[in-house]
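Undergrad: Build me a structure from this.
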Amino acid sequence: MREVMLGVLVSPAMSSFTVHPFEAFWHPSPNSEPERIFTETFTANRFINEHKKVQQLPQVDSIENVVFRICLWSDSTHLTNFSKPSLWPIYFYSANQWKNIRAKPTSFSENHLTYIPKYLAKHPCPRCFIRMDKISQLGGKLDRRRRQTQMRVDNMRQRQRVENNAFSVRLDPHGFDFYSMIISDVLHEFEIGMFLAVFKHCIWILYAAGNDSIQELNRQFHHIPTFGCDTIRKFSNDTAAMKKLAACDYEDILQCAIPTFEGLLPEPHNTILIKLLFELATWHGLAKLKMHTDSTLQDLDSSLTRLGNDLRHFKKVTCANYVTRELPGEVAARGRRSAALAAARKVPTSKPAQGRIESTKETAPKKKSRVRTFNLSTVKLHGMGDYPDTIRDHGMTDNYSTQVGELAHRRVKHIFPVIQKSSYTLSIAKYEQRQRILRRMHENAPKAATKGKRKHQKDIETPWLQFEDEENLPVGSPDQHHVIAHDVRHGLHLSSWLGDSDDPALEGFQDKLRDHCLARLLNEDHDGDVLWYTPTQRRQVLFVGNKIYCHKAQDSLNPRTHANVMVLSREDDDDDGHPPFPYWFCCIIGIFHAMVQHVGPDSTSQDPQLIEFLWARWYGRIPGSRGGWKARRLHQVGFVDGDDDAAFGFLDPARVVCGVHLIPSFVDGRTRDLLPPSDSARAPEEKDEDYQLFNVAMFVDRDMIMRFQGIGQTYSSGHREAPETDKEGQEVEVEDNQEGEENLEKPDSSEDEDEEEDYRYKDPMDQIVRDDGDEEWVDDNETSDVPGSAQSLNLAGPSRS
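TA: As a prediction, the model looks like this:
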């Protein structure tokens with residue numbers, strides 16, 4: 001290890017290392033107390049404390065004492081899909097390196113230290129002495145107390161119980177407690193641990209419920225749209241089978257599970273399951289943040305309490321209502337494993353006749369389906385309670401997640417096919433060293449410039465470009481909001497394109513476009529109301545060549561696939577001072593630019609000006625619908641009725657906040673009533689139909705979670721939606737009794753009323769209008785008679801009045 005460490009210290013990568021730890025703080029507002037920020041390992045408590053210790057040591061030859069933090073990661077990996085060769089490497093990382101660099105396999109940050117040739121009993125946790133029968137009390141007061149009072153410590157008493165511990169023998173003389181090395185891992189403990197267990201049990205429940213529930217679940221997962229480059233990938237047509245899925249696939253399943261499971265179970269089990277999935281997604285999103293503050297760590301701790309309550313409630317009510325058994329595929333797989341094991345152990349007594357194959361049916365009896373119960377006494381569930389303290393001591397979870405090591409496995413798997421198989425471990429080690437040398441040579445080699453082929457200008461007939469259409473995108477700087485090409489190869493002639501078209505999406509296209517351009521030319525501050533101009537004023541807006549030019553997005557936005565975006569709302573607070581919903585949503589139909597001339601008395605310049613704009617179809621929110629952390633439901637939107645003048649409009653690209661993932665509400669179905677057949681507003685595969693409603697995927701990535709929660713350095717703008725506790729708005733603690741059962745204690749309602757006043761953000765969708773005209777806030781469990789049907793949508797776009 002010493003040689004590897006010295007090699008890292010003298011390598012060029014040392015320029016990206018930090019040896020002086022520091023604390024970072026953030027002021028949420030000018031008059032508020034500063035909050036501590038946790039991000040890299042060298043901003044965490046443990047690194048800072050160790051740095052203070054080494055500064056007290058004497059210096060050798062006036063050389064500064066610093067902390068070099070080592071991260072060791074090890075796991076076995078199969079090198080092929082259909083054969084037995086495997087490798088068990090130990091990867092060596094340095095936590096002094098910035099995590100954005102260290103997490104990339106292409107940075108060669110992992111060093112192959114060595115390759116490993118191929119007793120916990122009643123106390124399964126490697127960090128504390130909690131008993132197995134107490135793990136299910138996750139999130140309770142006693143659970144938190146046990147983690148502090150029953151921690152494992154490498155002392156004389158412990159060494160007498162566990163003899164010949166190599167870590168203790170080598171590290172204790174230096175005053176190092178080796179138990180402090182064992183920290184949490186969100187990949188194995190949650191993504192392919194606790195969530196996989198919940199998801200698998202939900203599949204067993206659907207199988208027990210019958211009614212083609214599993215087939216419907218697979219169909220809905222398969223129809224979920226993708227998002228980003230690889231944030232949400234296309235699901236297979238048999239997601240419930242869970243074949244060849246990695247941790248990232250289960251992460252995608254969790255982020256999209258709520259709309260797909262909605263309505264598959266009867267009440268109250270449907271509500272119990274949806275709230276459990278919502279809390280699982282909340283905890284997972286907060287645990288994987290790349291930067292934490294004191295507030296977000298408090299939210300993570302509160303989410304743990306709610307999650308513990310939800311898991312116990314799910315087991316007590318829903319799981320107890322169904323007798324869950326293995327799926328037929330699982331039974332068959334277990335039978336094949338048993339048959340293979342029996343065949344390997346069987347010694348043949350005579351050689352079979354040539355050309356004859358002996359039957360193995362007698363040695364592989366038919367297996368029966370086993371009953372499966374939901375288990376809350378697992379060490380992976382218990383490990384979820386350590387995350388807030390682990391983040392404070394060691395930094396964010398992506399600093400030490402095994403996801404980095406799993407990505408490093410890809411490289412040895414790529415090496416295996418091209419090396420000698422007889423001694424592949426040694427060959428892989430040599431090949432890996434040669435790769436490092438070749439990478440340094442490639443980095444130092446000059447880059448050859450490439451020139452693209454120039455294409456001639458052509459007119460197109462649709463508001464979007466095909467995949468094979470190319471355009472030269474200018475190079476943008478990181479501080480630019482967006483970059484759109486300004487070439488004129490793909491032009492739409494307005495007169496010929498619009499012509500006598502009966503497409504409802506094109507109705508009033510030119511008038512709306514002139515209004516939009518005129519408002520921007522006159523620097524009108526957009527406040528959410530429609531700006532209408534007279535015909536005389538519209539005629540003062542001229543399009544050079546009577547053309548607009550179509551473009552395609554080079555990033556994650558695409559008018560044909562990833563078309564949904566959100567913008568800041570321009571609504572005012574209501575009469576009671578409650579802030580409005582912070583975002584509007586729309587679907588991009590086309591990305592354009594035009595050379596526009598403004599003539600007339602109000603013109604400041606008659607020179608052609610370049611204007612970029614988006615043509616969009618707006619979504620609206622449902623009156624009275626519940627969404628957000630208080631309701632523990634996803635927000636829902638739907639297309640504005642096509643007869644509304646504000647159903648289609650234009651948008652300045654600079655106003656786009658980011659792309660948004662909208663998942664269809666499958667339980668509400670599809671309709672043709674919102675818009676007549678349109679070739680512009682819909683893709684051909686949609687068959688002139690729209691989903692009635694869409695769910696706003698708040699958990700699609702950590703950036704989106706923080707935007708909707710309204711906290712953090714980037715997203716705090718007064719719209720703070722603090723999560724609730726349990727389903728009744730109460731924080732329920734679990735206490736022990738003599739029988740070992742769970743006592744659910746409910747706090748006084750007076751405490752709840754005081755806590756309600758602390759919330760700075762109230763969801764405007766919770767607001768309904770009573771017959772007497774007074775406005776009230778709907779309670780979590782209250783069912784209200786909201787005027788209007790689900791078809792009547794409030795406009796969620798910049799033309800809302």
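Undergrad: how far out from the middle of the chain is stretch 379-388?
TA: 20 Å (CA atoms, centre = their mean, to the nearest Å).
Undergrad: what sits up against that stretch?
TA: 120, 124-125, 127, 130, 135-136, 138-139, 143-144, 147, 183-186, 188-190, 193-194, 197, 283, 287, 297, 300-301, 304, 307, 311, 397 (CB atoms under 8 Å, 6 or more residues apart in numbering). The way it works is simple: take the backbone N, C-alpha and C, and place the C-beta from them, glycine included.
Undergrad: Weed out the non-buried ones from the residues you listed.
TA: Listed as buried from these are 124-125, 127, 130, 135-136, 138-139, 143-144, 147, 183-186, 188-190, 193-194, 197, 283, 287, 297, 300-301, 304, 307, 311, 397; burial here means 16 or more other CB atoms under 10 Å.
Undergrad: Give me the subset of these lying in helices.
TA: Among those, the ones falling in helices (DSSP state H) are 143-144, 147, 186, 197, 283, 287, 297, 300-301, 304, 307, 311.
Undergrad: Quick one, grab the pLDDT at R707.
TA: Per-residue pLDDT puts R707 at 89.
Undergrad: Just to check, it is in contact with G659?
TA: No - applying CB atoms under 8 Å as the test, R707 and G659 come out as separate, 11.7 Å apart.
Undergrad: quick one on the thing from earlier: now flag whichever of the ones in helices among the buried ones among the contacts of stretch 379-388 is closest to F176.
TA: Comparing these against F176 with CB to CB places R147 closest, at 21.2 Å.
Undergrad: Just grab the bridge partners of the residue lying closest to the closest one once chain neighbours are set aside for me.
TA: In space, and not counting its chain neighbours, R147 is closest to C128: 5.7 Å by CB to CB, 6 or more residues apart in numbering. Taking DSSP bridges as the rule, C128 bridges to M151.
Undergrad: where's the top strand by length along the chain relative to the chain centroid, distance-wise?
TA: When the chain is parsed with DSSP state E, its longest strand is strand 583-598. Distance, stretch centre to chain centre, for strand 583-598: 28 Å (CA atoms, centre = their mean).
Undergrad: Run the chain-centre distance for the helix or strand following it.
TA: Moving toward the C-terminus from strand 583-598, the next helix or strand (DSSP states H and E) is strand 609-621. Distance, stretch centre to chain centre, for strand 609-621: 27 Å (CA atoms, centre = their mean).
Undergrad: which strands and helices sit next to the helix or strand following strand 609-621?
TA: Remark: after strand 609-621, the chain's next helix or strand is strand 636-639, criterion DSSP H and E. For strand 636-639, the packing partners by 3 or more CB pairs under 8 Å, 6 or more residues apart in numbering; DSSP states H and E come out as strand 609-621, strand 694-696.
Undergrad: D572 contacts P580, doesn't it?
TA: Yes - under the criterion of CB under 8 Å, D572 makes contact with P580 at 6.9 Å.
Undergrad: Give me the more crowded residue out of these two.
TA: Of the pair D572 and P580, P580 is the one with more neighbours under other CB atoms under 10 Å, namely 17 against 10.
Undergrad: list the contacts for H661?
TA: Contacts for H661 (CB under 8 Å, 6+ apart) come out as 225, 227, 231-232, 564, 696-697, 700, 704.
Undergrad: Take those residues and keep only those in helices.
TA: Using DSSP H, the contacts of H661 in helices are M704.
Undergrad: In TSV: the contacts of H661, plus distance to A340.
TA: TSV is the format used below for the contacts of H661 (distance: CB to CB, whole Å):
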residue	distance to A340
P225	40
F227	40
T231	38
I232	36
N564	48
V696	47
A697	42
V700	41
M704	45
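Undergrad: would you turn the contacts of H661 into TSV with distance to L381, pLDDT and neighbour count?
TA: Shown next, in TSV, are those (distance: CB to CB, whole Å; pLDDT from 0 to 100; neighbours: other CB atoms under 10 Å):
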residue	distance to L381	pLDDT	neighbour count
P225	32	92	17
F227	29	90	25
T231	27	88	19
I232	26	90	21
N564	35	92	22
V696	29	94	24
A697	26	94	25
V700	25	92	23
M704	26	91	23
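Undergrad: Excluding sequence neighbours, find me the nearest residue to W204.
TA: Nearest one to W204, counting by CB to CB, 6+ apart, is T324 at 3.7 Å.
Undergrad: Next: D172.
TA: D154 (6.0 Å).
Undergrad: secondary structure element for that neighbour?
TA: When elements are assigned from DSSP H and E, D154 belongs to no helix and no strand.
Undergrad: tell me the contacts of it?
TA: Neighbour list for D154: 167-168, 171-172, 177-179 [criterion: CB under 8 Å, 6+ apart].
Undergrad: Which one of those sits in the busiest neighbourhood?
TA: Neighbour-wise, the contacts of D154 (other CB under 10 Å) top out at S168, 19 neighbours.
Undergrad: sorry, back to before: measure how buried the residue nearest to R147 is and give me the count.
TA: 19.
Undergrad: what comes up buried for stretch 434-451?
TA: In stretch 434-451, counting by 16+ other CB under 10 Å, buried: nothing.
Undergrad: for stretch 671-678, that is, sorry about that
TA: Going by neighbour count (16+ other CB under 10 Å), the buried part of stretch 671-678 is 674-675, 678.
Undergrad: Now do the same for R621: its pLDDT.
TA: pLDDT, read off for R621, is 87.
Undergrad: Same question for G210.
TA: G210 is given a pLDDT of 85.
Undergrad: What of the one 3 residues further on?
TA: Note for S213: predicted pLDDT of 92.
Undergrad: on that earlier part again, just the ones of the contacts of D154 in strands?
TA: Going by DSSP E, the strands hold none of these.
Undergrad: Turn those into a markdown table, including distance to T425.
TA: Converted to a markdown table, the contacts of D154 look like this (distance: CB to CB, whole Å):
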| residue | distance to T425 |
| --- | --- |
| F167 | 25 |
| S168 | 29 |
| L171 | 28 |
| D172 | 32 |
| D177 | 33 |
| F178 | 27 |
| Y179 | 31 |
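Undergrad: Flag whichever of those scores worst on pLDDT.
TA: Lowest pLDDT of the contacts of D154: F167, 77.
Undergrad: so it makes contact with H174?
TA: No - at 11.4 Å, F167 does not count as touching H174 under the criterion of CB under 8 Å.
Undergrad: I'd like to check which residues are in contact with the residue nearest to the spatial centre of the chain.
TA: Central residue of the chain (CA atoms, centre = their mean): D701, 3.0 Å from the mean position. The contact partners of D701, by CB under 8 Å, 6+ apart, come to 228, 231.
Undergrad: Same question for L206.
TA: With CB under 8 Å, 6+ apart, L206 has these contacts: 213-214, 217, 240, 264-265.
Undergrad: Just the element for it, please.
TA: Of the helices and strands defined by DSSP H and E, L206 is found in helix 195-209.
Undergrad: Flag every buried residue along that helix.
TA: In helix 195-209, the ones that count as buried by 16+ other CB under 10 Å are 195-207, 209.
Undergrad: One more: stretch 592-607?
TA: Of the residues in stretch 592-607, those buried (16+ other CB under 10 Å) are 592-598.
Undergrad: what's the closest of the residues you listed to R336?
TA: F592 (57.6 Å).
Undergrad: Assign the nearest residue to the closest one once chain neighbours are set aside to helix, strand or coil.
TA: Spatial nearest neighbour of F592, chain neighbours left out: I548 (4.7 Å); criterion: CB to CB, 6+ apart. Secondary structure, DSSP: H, G, I helix; E, B strand; the rest coil: I548 is strand.
Undergrad: partners of I548 in the sheet?
TA: L492.
Undergrad: follow-up on the earlier one: among the contacts of D154, which two are most distant?
TA: D172 and Y179 (11.0 Å).
Undergrad: okay, how far is it across stretch 656-676, tip to tip?
TA: Counting by CA to CA, to the nearest Å, the length from the leading to the trailing residue of stretch 656-676 is 28 Å.
Undergrad: my read: the residue nearest to W204 touches R370, true?
TA: No - shown here, T324 and R370 do not form a contact pair, counting by CB under 8 Å, at 9.9 Å.
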